[in-house]
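In: Predicted coordinates and the sequence they were generated for:
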Amino acid sequence: MPKDHGIGASVKRREDVRFLMGLGKYTDDMAIAGQAHAVFVRSQVAHGRINKIDASDAAAMPGVLCVLTGEDFKDVGGNPTGWLINSRDGTPMREPKRPALAHGKVRHVGDAYAVVIAETYAQAKEAAEAIVADIEELPAIVDMAAAVADTSNRVHDEIPDNLCYDWGWIEDNRAAVDEAIRNAPHVTTLELVNNRLVPNAMEPRASIGEYFPGTGDYKLTTTSQNPHLTRLLIAAFVMGIPENKLTVVAPDVGGGFGSKIYHYGEEAVVLTAARKLGRPVRWTAERSESFLSDAHGRDHVTKIELACEKDGTFIAFRTETMANVGAYLSNFATVTPTFLHGTLMAGPYKVPNVYVNVKTVFTNTAPVDAYRGAGRPEATYSLERVIDKMCRELGLDPFEVRRKNFITTDMFPYTTPVGLAYDTGDYHATLDKAMEMADVAGFEARRAASAAKGKLRGMGLSTWIEACGIAPSHLVGILGSRVGLYDAATVRVNATGNISVMTGAHSHGQGHETVFAQIVADKLGVPESSVEIVHGDTSKIPFGMGSYGSRSLAVCGSAVTKAIDKIVAKGKKIAAHMLEAAEEDIAFENGSFTVAGTDKAKSFGEIAFSAYVPHNYPLETLEPGLEETAFYDPANFTYPAGAYICEVEVDAETGKVDVAAFHCADDFGNIMNPMVVEGQVHGGVGQGIGQALCENTVYDENGQLLSGSYMDYAMPRADDVPFYNVDYSCQTPCTHNPLGAKGCGEAGAIGSPPAVVNAVIDALQRGGHTHVTHIDMPVSPARVWAAIQG
Amino acid sequence: MELKDTRAIAALPEAVWAAILDPEVLKACIPGCESITGTPEDGFEAVVVQKVGPVKARFTGVVTLSDMVPGQSLTISGEGKGGPAGFAKGGARVRLEPDGEGTTLSYEVQAAVGGKLAQLGSRIIDGFARKLADEFFARLQGAVEAPDEDDQPEEAALDASGEGKEKKKGWFRRMTGA
């Protein structure tokens, strides 16, 4: 009988009740008395010099309250990036100012250079169209290689070669890797593109700024994955206001996938306008604005080389990548293609030599930043594709090649040549499990059945690993992070015994409200219904670094666990006093404090009541109340890993790819709620299949976004994805956090794209199209058909 | 986006040349043109209404004539701003070569769109630009070849305002002295 409550139970998500009934409360749902509406004016050219912005007609239009331009923000701070990366030669990266509104130049289509605030949305919209901007169009910089080669045309005038940095990891490995590749019996080379993606959260970005003149307080309600970080950036960097005068609230948020980690200029603008007007100012992005101005994901152009023995034993990986960072540095833009990518380039393999070079390039396109997986999907895709290609070149079995190269269970902790220390894992176990689930032995029969229908069937494998549970502060500090990456939680036991838990992690689809309640209830022996999870409000929560990088459970969940431990420890002191026993004799189990070896006991509720009504209480030595806060800083990353097997059917006549089956065997360490884990894997794989088969962001040579609507940007639909077969029974718990949890949010998006593409190539090869060794994502019907035609 | 084509026109290059330089002819020939003012030397200002896929807009912009070799070749360039709909710009390199009693007109068109037009209409912009260019030169051909009102029913149908028609006739009569 499976558990029906507590850790490990598939408790249904309590938040879904309000979401499914339309009772969620999102930023755009908030109606505030006296609110005014903001509409942003965005550049239609990719690159241009702002000669003059004439807002006189707009300002005189009905209902218009004010018009702000980049000129109004030129003296306040820029939106900084969170990570300082040094180039191979030791020089620090180039970090141009990112203003709240474009000033001097516009640098991508959609770059906002003015805002109109009016009584109504329609009035603001109309006035925005009346703003006359004299913008002298400059040649657009779109292609990364051309951007670096042409020093005359610059995204930022002060950066001559459009290069943010030229990063090597690990520079000390470089000579040995070069040498190994020179001398290797076999080298496989693959050039590939990791396609640019638009995150497409269902809820577009929205922000409401308020200012309270009586106290001088500001309040920002916004679509954020991490309200504390947004508060820090706005207060300390952009607006220069005290942190304690700004409250940031992120209510229900309809998906983020990374794109809502970051602070965006619109947030500072609505706050500034609210102060100027003394009225709340609101803005909600139109879908077109989301396409143009949300931080995009991926966009790498990569050459990877794999050197190996003839039997497939890996000798070295060497990667050269150009990573597009867009027009400005978004908050995590510099770490995503470097430390979240290069450090994973050993995969789950005992390869001795690895070197990664990443050149990050400014272009006249929307900023690019972390998107579900963030760097790790790029690493996994490069590795798993080049391994697949090598297997074909040498006629080796891709399953056996993985086995031959896996780090084995007796080797942990294992330090890779790219600087990570994997604590646990069992890569053979997840591969075995995936092969069992996929019935690899029965593939030939399925292939024959597909062939009888006129379809080419192929099978693709990807064995992936990621570093998540982001992140140990001491380590990221050495690597250039400008913040710590711990998390925090407060467990407040109310006098009547129910519990409020304030978490720094924000839930926008992850199910924290259910899962954190399961953990607290399990550990304190109280019903889950008496535990409330509070998140997304800086005025209620001690601190937090938010939700991304599969960190909520591993980092914030650990903070919750530490706070619970403090509650129990204090409860024991109270119980010892009430039961007239020594503190060390008090045991806590199933919600009851007992004196060991006796039947003397106090319930959790009695202890809580006593803490708030301390009539019989050790007041000389113990404070009343029962509330504890804990900060948790992880000792290491966590390392989920797994094996994905995809089967596809390809219609050679049309090039259409159908995903026939998708099997996931993952090791996420200990599982808190299997149903939530399955949902996370389903969503991640869905996004991975979307990247592999459908999604692509296209700018033309003038920097115009051609895929700016759902007519041209192909999101995966229900009929593009199969019924997933998900397993998480292989569990090697994380050794360094109290829950033994590794994190599962990004896994699907990391492991799945190469499995899909490997399967397509396999199908074409088995179908006799042996000249096809690679197709760039998205593997669309047009591309597959063109590849077949040669 | 680039496209090229040629047309055989039953009129001498001088007549075709003169037609291209006449704002009233341009107005009649530019599909959706509401007004055009100016001179070949200083350039023209034009207002054009077009619907590209889901985006309908009134473009205001300038048309300039350059690289002019009288009777032989010129470049027509235009840039129109459609407000929130975005912008369109392009140019046509036009060559006229005598061919017996007529003229071979060849053109190479380059066009680019930006803003919402690019985001929403890029799928159809190539075909759309081809259609516009075809229509422009077809109308030009019609204007030069069929000056008489009775002989150009198509022109009459295309000329929504009805105003240009009269003037066009006047223009042709001026040209031919008829």
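Out: Thanks, I have the structure now. Numbering: from 1, shown residues only, chains lettered A, B, ... in the order given.
In: for chain B, what are the nearby residues on chain A?
Out: Contacts of chain A with chain B, taken as C-beta under 8 Å from any C-beta of the partner chain, map to A:44-45, A:109, A:128-129, A:288, A:291-292, A:700, A:702, A:704-709, A:711-712. All C-beta atoms are positioned from the backbone trio N, CA, C, and that covers glycine.
In: Apply 6 Å and report the result again.
Out: Listed as neighbours of chain B in chain A under the rule C-beta under 6 Å from any C-beta of the partner chain: A:44-45, A:129, A:702, A:704-706, A:708-709.
In: Give me the subset of those residues lying in strands.
Out: Among these, no residue falls in strands (DSSP state E).
In: Need the pLDDT of residue 150.
Out: With no chain named, the answer covers chain A. At A:Asp150, the pLDDT value in this model is 90.
In: That was the other one, I meant chain B.
Out: For B:Asp150, the pLDDT comes out at 44.
In: so where is chain B shaky, pLDDT-wise?
Out: Scanning chain B with the threshold set as pLDDT under 70 gives B:147-178.
In: Among the residues of chain A next to chain B, find me the one that's closest to chain B.
Out: Proximity of the residues of chain A next to chain B to chain B (C-beta to the nearest C-beta) peaks at A:Gly708, which lies at 2.5 Å.
In: What distance do you get for that closest one to A:Glu286?
Out: From A:Gly708 across to A:Glu286, the span is 11 Å (C-beta to C-beta, to the nearest Å).
In: cool, A:Gly597 as well?
Out: Taken as C-beta to C-beta, the span from A:Gly597 to A:Glu286 is 68 Å.
In: Which of these two has more residues huddled nearby?
Out: Neighbour totals were compared for A:Gly597 and A:Glu286, and A:Glu286 leads with 12 against 8 (other C-beta atoms under 10 Å in any protein chain shown).
In: what's residue 14 in contact with, if anything?
Out: All of this refers to chain A. A:Arg14 makes contact with A:513-514 under the criterion C-beta atoms under 6 Å, 6 or more residues apart in numbering or on different chains.
In: please go with chain B instead
Out: Applying C-beta under 6 Å, 6+ apart, the residues near B:Glu14 are B:Gly71.
In: so is it in a helix, a strand, or just coil?
Out: helix (DSSP: H, G, I helix; E, B strand; the rest coil).
In: Tell me the residues on chain B that lie near chain A, please.
Out: B:83-84, B:86-87, B:112, B:114-115, B:118-120, B:122.
In: give me the residue from chain B nearest chain A.
Out: B:Gln119 (2.5 Å).
In: Buried residues, the helix or strand hosting that residue. List them.
Out: Using DSSP states H and E, B:Gln119 sits in helix B:116-145. For helix B:116-145, the neighbour count (16 or more other C-beta atoms under 10 Å in any protein chain shown) marks B:116-122, B:125, B:128-129, B:132-133, B:136-144 as buried.
In: so what secondary structure elements neighbour it?
Out: strand B:2-9, helix B:13-20, helix B:23-29, strand B:43-52, strand B:55-69, strand B:102-114 (3 or more C-beta pairs under 6 Å, 6 or more residues apart in numbering or on different chains; DSSP states H and E).
In: repeat that with 7 Å
Out: Judged by 3 or more C-beta pairs under 7 Å, 6 or more residues apart in numbering or on different chains; DSSP states H and E, the packing partners of helix B:116-145 are helix A:287-293, strand B:2-9, helix B:13-20, helix B:23-29, strand B:43-52, strand B:55-69, strand B:102-114, helix B:153-158.
In: What residues does the residue nearest to A:Glu589 when sequence neighbours are not counted make contact with?
Out: Using C-beta to C-beta, 6 or more residues apart in numbering or on different chains and skipping residues adjacent in sequence, the residue nearest A:Glu589 is A:Gly525, 7.2 Å away. Residues in contact with A:Gly525 (C-beta atoms under 7 Å, 6 or more residues apart in numbering or on different chains) are A:590-592, A:604.
In: Please identify which of those residues is nearest to A:Asp217.
Out: Using C-beta to C-beta, A:Phe604 comes nearest to A:Asp217 of these, at 37.4 Å.
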